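Participant: turn this into a model:
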Amino acid sequence: LEEIPRPIQDSGNILKQGYLEKRSREPSFFGSEWHKRWCVLTQRNFLYYANEKSKQPKGSFPIERYQARLDSQLRKDSRKKCCFQLLCPGKRSYEFTAPSPAEAQDWVEQIQFLLRDLSSLTIPCDEDEE
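Facilitator: Below is the predicted model:
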């Protein structure tokens with residue numbers, strides 16, 4: 001088994017990681033821009049980096065309350081079956097292209113599984129209370 005690079009500190013919580021293409025928020029003159037990003041799903045957050053050796057994420061957001069779904073409407077090219085979205089009412093949505101349709105499906109399933117897990121947690125947590 002080859003060693004997978006672990007770019008973030010809480011590596012024990014990584015559920016899935018790999019390269020995805022992320023659509024940038026600002027469409028360029030040529031239409032929407034897709035950028036290759038090293039993406040990491042942990043038990044609480046979704047993070048994305050310039051590459052797998054980057055120490056600082058280019059962005060991250062708490063995954064809680066997001067929904068993941070496949071969306072073949074995001075692209076018009078041959079990779080349209082590799083696309084998925086992360087959506088949350090009142091928050092920014094994120095659009096990604098995986099290397100293959102199976103990989104896109106796997107990201108969506110992992111995120112959905114995690115979200116079901118998060119929503120079923122009924123253990124009181126008083127860490128955040130002042």
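
Participant: residue 73: helix or strand, and which one exactly?
Facilitator: Assessed by DSSP states H and E, residue 73 sits outside every helix and strand.

Participant: which SS class is the residue nearest the centre of the chain?
Facilitator: Most central in the chain under CA atoms, centre = their mean is residue 46, positioned 4.9 Å from the mean C-alpha point. Assigned by DSSP: H, G, I helix; E, B strand; the rest coil, the conformation of residue 46 is strand.

Participant: tell me which other helices or strands whichever strand or helix holds residue 114 touches.
Facilitator: Following DSSP H and E, the helix or strand that holds residue 114 is helix 101-119. Helix 101-119 is packed against strand 16-23, strand 34-41, strand 67-70, strand 83-87, strand 94-97, with contacts defined by 3 or more CB pairs under 8 Å, 6 or more residues apart in numbering; DSSP states H and E. For every residue, glycine as well, the C-beta is placed using N, CA and C.
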